[in-house]
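Peer 1: Output the structure for:
(chains A and B)
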Amino acid sequence: MLAFLLRRLVSLIVTVWLASIVVFAVLQLVPGDPALLMLGVNAQPDTLAALRSQMGLDQPILTRYLHWAGGLARGDFGVSLTYARPVADLVAERLAVTLPLSLLSLVISTVLALPLGLLAAARRGRGGDWAVLGFSQLGVSMPSFWIAILLILLFSLTLHWFPAGGFPGWSGGIGPALHALLLPALALAVPEAAILARVTRTAVLDTLAEDHIRTARAKGVGRVAVLLRHALPNALIPVATVLGLQISFLVAGAVVVENVFTLPGLGRLLYQAIGQRDLIVVQGVVVLLALFVVLVNALVDIACALADPRPPAAGKGGES
Amino acid sequence: MRRKLPLSLHLGAALTLLLVAVALLSLLWTPYPAEQVRVIARLKPPSAAHWLGTDHFGRDVLSMIMVGARNSLAVGAAAVGLGLLGGVPLGLLAAGLGRWGDEVVARLGDLVFAFPAVLTAILLTAALGAGAVNVVVALALFNAAVLARVTRGAALAVWRRPFVGAALALGRGPLSATLVHVLPNIAGIVVVQATVLFAVAIVNEAALSYLGLGIQPPSPSWGKMLGDAQTYLFTAPLQAVFPGVAIALSVMGLTMLGDGLRDWLDPRHRSSGVM
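Peer 2: Model (predicted):
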């Protein structure tokens, strides 16, 4: 197990290091002079030279990368040229929206998916099963940003139950903040719940076919007790694996849904930074999101390896 | 005995054929030119003249959805086609090279999966500007990584089967064995995965176009139409429904087609129905 953990840790570090090279290299593809792009063609030559120096554009590319990557390792993401503030501070502020949003959507999707998956497995081939499979098919087919727009249409513009966008901040209390995050979280959660419900259904059905379930039933354990005490706990490993893999889709979804609801999160920061050509912010946020995805995948791998009594298989992990 | 085709295969094929038919029809005919602006007829509700109404520029929504189908299909086909061209040979190579190849493909996969496709597209957009080409490149990279893993796994299983060993013993080279024996036996799995990736590509293209980073105006895109419709939710709420329905039906068709094909090719999966 120790060897597996070490291998996973080395793989994580290598992946994040390669990701930082990719992000840095891609943003060097910017055609022309990035400083000129930011300041416009009417910029004074001395202002342009100062900005080029501030951006490190007068340094060799390797020096620039080492400087940036060294800063990343110390938690220094550089200074935003638009906001004139450290990117780390901007990221920390925006995480106060993106992190609760993501967690809330994970909670909603799990709370929706587990009972639905159990219901479908328990009622296999009958109305309940078909209804859950129908919901699942529909949920998978609807992009989260469209669900977000439909939720705004229904709950904000028609029923006036929720705000159509914006975020009041946490200083005004947890209630108003969660109220503003609920619709975006629901929009993100529905497609996730659709996938998770199917995975739960399959995992529970697979477990129900195993010998120990038959034994439990033969000993007189009731159907509901078998489902909740025997089938569900055994089905949680595949469910947790898929949940971990869905994190990358959640990150991508959050970038778009934050923009639908104009939430001041990381996704909105990234989107605005592209418009403002604030490349140092783009670099920092993209690397951070990639690190988050890699970290969650590694944690899921480790959690599954710990929960699985069988020896870890070679090349285990990742998406396939 | 001939196996019965799964219902999901029928429904998926029907919806996908409808999508392709609409896209092809848009090459020959649309009710109005999709880019024709008529400000005097802006934000009209559905009527006999405009079955799905008009947008904020007075453009016919049905015509835009038809041309949008073509654009979505083109981006999806390019992203999946390039993904197949890159991923399948890489997966076959990894399976053939053994442990060393496995490591390379696994690490490359880890790297690509660190960036959700939307994030890669955003990164490329930040560097090179918005446009469909960057979206295709980003989606193709992601698809290639997924397909390389799927191909590798499936090819390894075929390599272990006796008939491949027999072919090698009879003097067939590894490349020839791969092309004649391995590739045909993994084609089904790869096609199923490609179908699902096609659906994912359509959703991602729509999301990026919604943000204004994908297909650029005046060419219509379902995602961009939804983005525009959000501004007019009060006055023309239906405009935020039709493009979404088009996306959902297309994705539903492709995922059901993928599910159905997998059930048909491997009946053991029939009970699962997991993507």
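
Peer 1: drop to CA atoms for contacts and neighbour counts, all remaining ones
Peer 2: Will do.

Peer 1: how about the host helix or strand of B:L62, does it get close to chain A?
Peer 2: B:L62 belongs to helix B:61-97 when assigned by DSSP states H and E. No. Legend: contact between helix B:61-97 and chain A by Cα under 8 Å from any Cα of the partner chain is lacking; minimum distance shown is 11.6 Å.

Peer 1: That helix: which residues count as buried?
Peer 2: For helix B:61-97, burial by neighbour count (16 or more other Cα atoms under 10 Å in any protein chain shown) applies to B:61-84, B:86-96.

Peer 1: Spit out the contact partners of the residue nearest the centre of chain A.
Peer 2: Computing the C-alpha centroid of chain A and ranking residues by Cα atoms, centre = their mean puts A:V251 first, at 2.8 Å. A:V251 sits next to A:S102, A:L289, A:V293, B:P116 when contact means Cα atoms under 8 Å, 6 or more residues apart in numbering or on different chains.

Peer 1: buried sites along the helix or strand hosting it?
Peer 2: For A:V251, the element it lies in under DSSP H and E is helix A:232-260. Residues of helix A:232-260 classed as buried: A:232, A:234-260 (neighbour count, 16+ other Cα under 10 Å).

Peer 1: show me what contacts B:I189?
Peer 2: B:I189 neighbours (Cα under 8 Å, 6+ apart): B:V150, B:T151, B:A154, B:R262.

Peer 1: what stretches of chain B score poorly on pLDDT?
Peer 2: Residues of chain B meeting the criterion pLDDT under 70: B:1-3, B:266-275.

Peer 1: how does it look with 80?
Peer 2: Along chain B, the parts satisfying pLDDT under 80 run over B:1-4, B:98-103, B:106, B:266-275.

Peer 1: Please identify which helix or strand holds B:I189.
Peer 2: helix B:183-210.

Peer 1: likewise B:H50?
Peer 2: With DSSP H and E as the test, B:H50 turns up in no helix or strand.

Peer 1: which non-adjacent residue is nearest it?
Peer 2: B:D60 (6.2 Å; Cα to Cα, 6 or more residues apart in numbering or on different chains).

Peer 1: In contact with that neighbour: list those residues for me.
Peer 2: B:P31, B:Y32, B:P33, B:A34, B:Q36, B:H50, B:L52, B:G53, B:T54.

Peer 1: Quick one, which of these are buried?
Peer 2: B:A34, B:H50, B:L52, B:G53, B:T54.

Peer 1: coming back round to it: quick check: helices, which of the contacts of B:I189 are part of them?
Peer 2: Among the contacts of B:I189, the members found in helices (DSSP state H) are B:V150, B:T151, B:A154, B:R262.

Peer 1: A:P168 - nearest residue in space that isn't next to it in sequence?
Peer 2: A:A177 is the one closest to A:P168 (Cα to Cα, 6+ apart), at 6.0 Å.

Peer 1: contacting residues for B:W222?
Peer 2: B:I65, B:G68, B:A69, B:S72, B:A206, B:S209, B:Y210, B:P243, B:G244, B:A246, B:I247.

Peer 1: do that again at 6 Å, thanks
Peer 2: Counting by Cα atoms under 6 Å, 6 or more residues apart in numbering or on different chains, B:W222 makes contact with B:G68, B:A206, B:P243.

Peer 1: Can you find the helix or strand of chain A with the lowest average pLDDT?
Peer 2: Every helix and strand in chain A was compared by mean pLDDT, DSSP states H and E; the lowest is helix A:34-39, with a mean of 76.
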